[in-house]
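K.L.:
Pasting the sequence and the predicted model now:
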Amino acid sequence: MKRPKTAFFDLSCCEGCQLQIANFGESLLDILDIIDVVEFREVMSEKWDKEIDMAIIEGSVTDEHAAERLKRIRERSKIVIAYGSCATIGGVNGMKNSFDLAEIRKYVYGDGYKFFPAAKTKAIHQVVKVDYFVNGCPIYPPEFERVLKNALQGIPYYVPDYAVCVECKLNENVCMYDRGIACLGPVTRAGCNSWCINNGNICYGCRGIVSNPNEKGMKDVISKYGIDMGFIVNKMDMYNKCRELKHEED
Amino acid sequence: MKKIKQSMNINVEYLTRVEGHGNIVVNVKEGRLQECRLDIVESPRFFEGILRGRSIFEAQHITSRICGICACGHSLASIQAAEDALGIAPSAQTVKLRKLLLHMEILDSHILHIYLLAAPDLLGVKSFIPLIETHNKVVRRALRMKKACNDVCGVLVGRHVHPISAIVGGFTKLPKQKDLNAMHNTLTGMRPDMEATIDLISKLKFPEFERDTEYVALVNDGNEYPLLAGDIGSTDGVRMNKREYRKATNEFIVPHSSAKHTKLSRESYAVGALARFNLNYEKLHPNAKETASVLGMKPKCINPYLNTAAQLIESAHCLEDAVAIIEDFQNSGIDYSEEITVGLNEQKKIPVKAGNGVGAVEVPRGILYHNYEIDENGVIVNADCIIPTNQNLNNIERDMHKLVPELLSQNHAKSEEEVTLALEMLVRAYDPCISCSTHMIKVGFVC
C-alpha cells in the first residue's frame, strides 16, 4: 500500500497534542512506516505545497488569517482530521468569546492592542468540513491510533456518544459527586478512559458534550447535591463555549 | 570589496522546529544592516484576559494549556502564585514531589530540543526524519528517553501534557511504593542513554559566536540548584524578591511581535539553561559538572548557541537529582494522609481570602512568572504571566544584529542560505516557545 502523504498543521493552540505523538516512543517509528509525513512545522523544516492525503490539524480558528489558511488546507486535502479540543470544539480558546473582543485585547496588550486583531474563536468544523475528530485536551493516544487505523482503511470513526461516567464506572472510581465535588463526566463524551478522574481530578468536559445529554438526570444529580446550575454552566464554558456559535451564525 | 555591496533580504516565514509561529526578517543593503527582526506572528490567545472571573482553583488547569511542552512548568508557577495569594504553604512532601515533577519537565523538554529540534542542524539535515535512515540508533535513543520522561510523569501526575493530579494544596493522587519503584527503574535505566547522549553532543561542533549580555535566573543562598523557588538574580549583580518581578522584566510592546519584550540592567537580557548555568554552576550535580567539562564549558559562557549544550548539562543534573528524590521517598515512605481532593475547593477546605500572589519558577526555557490578584471569594480579578521566551526575544534580536554583520564581513562572506541557517540555528538555540510567548518564527531574505 502506498504510504499516504500526511501533514500536521497548527492553528491557535499549545501544540501539546502534536507533542503527544513524540510520546509514542520508539513505536512512533512503526507509525512512520505506514504514513509519509511531508510537513510538520514543529519538528521538521521540510515543506509540502501539493496535494495531501491526510491533514491532521491542531488548534482553533481565532482570526481571519487562520480561517483562510484552513480553507486552503481543506482544498488540497483528501481527509481532514480535527486533532485535539481546540480543533474539535474550540477548547480553552473559546473562553475569550465570553468577553468583548476589544476589551480583552486592550486588557492584555494595553494601548498597543490595535496591532493584534482577533475574531471569535471557532472550532475547525465551524469553518470547513471535517472527516475525523480526535477529541481531548490533550488527545488520548490510544484513540488517535484507532482513528488513524480507520482513516487509513477509509472507514469512519464514531466518537463515543455516551458519558465519561460509563468508562469511569468500569474503572471503579468513587463518583466525584459522592466525594462532594461537581464533575462534568455525566454530560461529556467518553473515549478517554476517564483519564482525569482516574488520577483524582474531575472531568472538565474537554471532549465535548454528548449529542443528547440526559438533562433531567443531570438536573436530578445537581439538585440532589445542592449544586447551582450556574456553577455547572460556567464549568462547561471552559472548553465548550464555542458550541453557542452554531446557533448564532447558522 | 565585493561583500560591502552585498544586499540581502531574508524573510523566513514560519520558522520551523520551534514551538509556535515566528518569522525572521533581515534586510541588508549594500553591506549595511538595515533591519533585523524576529517577528512573532502567533495569534494571541489572551490567557491573562480569560482568567478573569475564574476561580483561583481553576488557574492551574487553564494556564497549563498555555503550552504543551512546558505544561508542568506552567502548572507549578500557577500553583505557586495561587498559594502565595491564598497565603498557604505546601508541605515538605508536596514541595519534594513538585521538584521531582519539575526535573522531569526540564529533562523531557531538553531531550526534545537537543535531539529533535537542534541536532538536525548540527548533523546537516532538515529534520529527524532523514536521521531515521542514517542514524537509526540515535533516533531510537531520543524517542526512548522522551518516552521515559513521559512515563514517569504519567505515574506521578497522570500525564506530561497537561498534568492532572498536581493542584493547589498538593496532589490528588500520591505514588504508591510500586510506582516509586517503577519511576526509579525507568530513570536509572536512562543512565546509559544519557551517557551516550553526552558522548554524541560532545563530538558535534556548535557555531562560534559571542555577545556579552546580562543573564537572569533564580538564585538562592543554599546549596541547591534553584529551580522551583528562589530570588531573581543576574550576572550584572541584580538580586530581587520574586514579588518585584515587574521591576526585573520591564515589559514593553513592539509592533512586529504579538509577544511582549523585556529588559533589566542593559538593553536586553537572557534567561534559560545557559543563564542558570552561568549563575548557579557551583550547585550542579557532580555528573552535570563532569558533563560541562567534557563539553569544555565554564561560566560565564556568552555563546548563545551553547544554550543547547547547557541544556544537556542540566539534563544530567535533573536525571541524577530526580533519582535521589525518588530514593529518598523509597526509604522514608510517602504520607498518604496528604492526598487531597480536587482543587475546586467546593468544600472550602482551603480558607479563601483576597490577596495577590506571585509564582516564579525556572521552567526549561527560563524564569516563568505568574501573578494573580484575587477577591475575597477567590475569584481572579487580574492575571499576568511573563514567559521565558518573551524575555529572550529582545536578546535574540540583539544577537542577530551582531551576528549578521559578522557573517557578512568574514573572509568568505556567507551566502544568503548560510546566513539564514545561522540565524535559524541561533533562534532555535534559545529553544523558543512561541505558543507560550503567544506563537513565533519566520526568516526572510530578499535579494
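P.N.:
The structure has been received and is ready for your questions.
K.L.:
So which residues of the stretch 101-250 of chain B form helices?
P.N.:
Listed from the start of the chain, the stretch 101-250 of chain B has helices (DSSP state H, counting those that start in this stretch) covering B:119-122, B:128-134, B:136-157, B:177-188, B:191-202, B:245-249.
K.L.:
And for chain A?
P.N.:
All helices of chain A, identified by DSSP state H, fall at A:16-22, A:28-34, A:64-75, A:85-88, A:101-109, A:141-153, A:164-170, A:195-198, A:215-224, A:229-240, A:243-249.
K.L.:
and B:N27, that's in a strand?
P.N.:
Yes - according to DSSP: H, G, I helix; E, B strand; the rest coil, the state of B:N27 is that of a strand.
K.L.:
Just to check, it is in contact with B:R37?
P.N.:
No - with contact defined as CB atoms under 8 Å, B:N27 does not count as touching B:R37 (9.0 Å). (Each C-beta comes from the backbone N, C-alpha and C, glycine too.)
K.L.:
And the pLDDT for the residue of chain A found nearest chain B?
P.N.:
The shortest separation between chain A and chain B is 2.1 Å, found at A:G16 (distances taken as CB to the nearest CB). At A:G16 the predicted local distance difference test score is 93.
K.L.:
do A:L19 as well
P.N.:
Note on A:L19: pLDDT of 90.
K.L.:
Then the one 3 residues further on?
P.N.:
The score at A:A22 is 85. That number is its pLDDT.
K.L.:
Under the pLDDT cut-off, which ranges of chain A? List them.
P.N.:
Scanning chain A for pLDDT under 70 picks out A:1, A:112, A:246-250.
K.L.:
separation between the residue in the stretch 51-200 of chain B that chain A sits nearest to and A:N23?
P.N.:
Closest residue of the stretch 51-200 of chain B to chain A, CB to the nearest CB: B:G68 (2.1 Å). Going from B:G68 to A:N23 by CB to CB, to the nearest Å gives 10 Å.
K.L.:
Of the two, which one has the most company?
P.N.:
Regarding B:G68 and A:N23, a neighbour count based on other CB atoms under 10 Å in any protein chain shown identifies B:G68 as having more, with 28 against 22.
K.L.:
And for the more buried one, nearest residue in space, chain neighbours not counted?
P.N.:
Nearest-residue entry for B:G68: A:G16, 2.1 Å, with adjacent residues in sequence omitted and distances by CB to CB, 6 or more residues apart in numbering or on different chains.
K.L.:
Report how many residues lie close to the one you found.
P.N.:
Around A:G16 there are 28 other residues, counting by other CB under 10 Å.
K.L.:
List the contacts of it.
P.N.:
Applying CB atoms under 8 Å, 6 or more residues apart in numbering or on different chains, we find A:G16 in contact with A:G84, A:C137, A:P138, B:R65, B:C67, B:G68, B:I69, B:A71, B:V161, B:H162.
K.L.:
which residue is nearest the centroid of the chain?
P.N.:
Assuming you mean chain A. For chain A, the residue whose C-alpha lies nearest the mean C-alpha position (CA atoms, centre = their mean) is A:S85; its distance is 1.4 Å.
K.L.:
switch to chain B, that's the one I care about
P.N.:
Chain B has B:R365 as the residue nearest its centroid, 1.8 Å off, counting by CA atoms, centre = their mean.
K.L.:
Surely that residue is in contact with B:G272?
P.N.:
Yes - between B:R365 and B:G272 there is a contact at 5.1 Å, judged by CB under 8 Å.
K.L.:
Which neighbours do these two have in common?
P.N.:
With contacts taken as CB under 8 Å, 6+ apart, the residues that reach both B:R365 and B:G272 are B:P388, B:N392, B:Y430, B:D431.
K.L.:
any idea how far stretch A:228-243 is from the chain center?
P.N.:
The gap between the average C-alpha position of stretch A:228-243 and the chain average comes to 16 Å, counting by CA atoms, centre = their mean, to the nearest Å.
K.L.:
contacting residues around the closest residue to B:L156 other than its chain neighbours?
P.N.:
By the measure of CB to CB, 6+ apart, the closest residue to B:L156 outside its immediate chain neighbours is B:L101, 5.9 Å from it. B:L101 makes contacts with B:C72, B:L76, B:C153, B:L156, B:V157, B:P163, B:A166, as judged by CB under 8 Å, 6+ apart.
K.L.:
mind putting the residues you listed in a markdown table, neighbour count included?
P.N.:
What follows is these, written out as a markdown table (neighbours: other CB atoms under 10 Å in any protein chain shown):
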| residue | neighbour count |
| --- | --- |
| B:C72 | 31 |
| B:L76 | 29 |
| B:C153 | 26 |
| B:L156 | 27 |
| B:V157 | 30 |
| B:P163 | 27 |
| B:A166 | 27 |
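K.L.:
For those, give me JSON lines that also has pLDDT.
P.N.:
Listed next are the contacts of B:L101 as JSON lines, based on pLDDT from 0 to 100:
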{"residue": "B:C72", "pLDDT": "97"}
{"residue": "B:L76", "pLDDT": "98"}
{"residue": "B:C153", "pLDDT": "97"}
{"residue": "B:L156", "pLDDT": "97"}
{"residue": "B:V157", "pLDDT": "98"}
{"residue": "B:P163", "pLDDT": "97"}
{"residue": "B:A166", "pLDDT": "96"}
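K.L.:
quick one on the thing from earlier: mark which of the contacts of A:G16 are part of strands, please.
P.N.:
When the contacts of A:G16 are checked against strands using DSSP state E, none is located there.
K.L.:
Next, the contact list for A:F9, please.
P.N.:
If a contact means CB under 8 Å, 6+ apart, then A:F9 has A:E39, A:R41, A:A55, A:I56, A:I57, A:E58, A:G59, A:R69, A:I73 as its contacts.
K.L.:
now swap in A:R243 and tell me
P.N.:
Residues counted as contacts of A:R243 (CB under 8 Å, 6+ apart) are A:I89, A:G90, A:G208, A:I209.
K.L.:
Quick check: it vs A:C196, distance?
P.N.:
Distance of A:R243 to A:C196, given as CB to CB: 20 Å.
K.L.:
helix/strand/coil for the closest residue to B:A81 other than its chain neighbours?
P.N.:
The shortest distance from B:A81 to any residue that is not its chain neighbour, by CB to CB, 6+ apart, is 3.4 Å, and that residue is B:G359. Look at B:G359: counting by three-state DSSP, its state is strand.
K.L.:
What pLDDT is listed against B:G359?
P.N.:
B:G359 carries a pLDDT score of 98 in this model.
K.L.:
ok, it - how many residues close by?
P.N.:
28.
K.L.:
shouldn't it be in contact with B:H370?
P.N.:
Yes - look at B:G359 against B:H370 with CB under 8 Å: they come within range, at 4.3 Å.
K.L.:
before we move on, the earlier item: now the residue of the stretch 51-200 of chain B closest to chain A: how far from B:K147?
P.N.:
Between B:G68 and B:K147 the distance, using CB to CB, works out to 16 Å.
K.L.:
And B:R32, by the same measure?
P.N.:
Computed as CB to CB, the B:R32 to B:K147 distance reads 49 Å.
K.L.:
Those two - which one has more neighbours?
P.N.:
Set B:R32 next to B:K147 and count neighbours by other CB under 10 Å: B:K147 wins out with 21 against 12.
K.L.:
who's in contact with residue 185?
P.N.:
You didn't pick a chain, so chain A it is. By CB under 8 Å, 6+ apart, the contact list for A:G185 reads A:A163, A:V164, A:C165, A:C168, A:M176, A:S194, A:I197, A:I202, A:C203.
K.L.:
from what I can see the fifth one touches A:A182, true?
P.N.:
Yes - with contacts defined as CB under 8 Å, A:M176 counts as touching A:A182 at a distance of 7.3 Å.
K.L.:
Show me whatever sits in contact with both of those two.
P.N.:
Common neighbours of A:M176 and A:A182, using CB under 8 Å, 6+ apart, are A:I202.
K.L.:
which one of those two has more residues nearby?
P.N.:
More crowded of A:M176 and A:A182, by other CB under 10 Å: A:M176, with 25 against 21.
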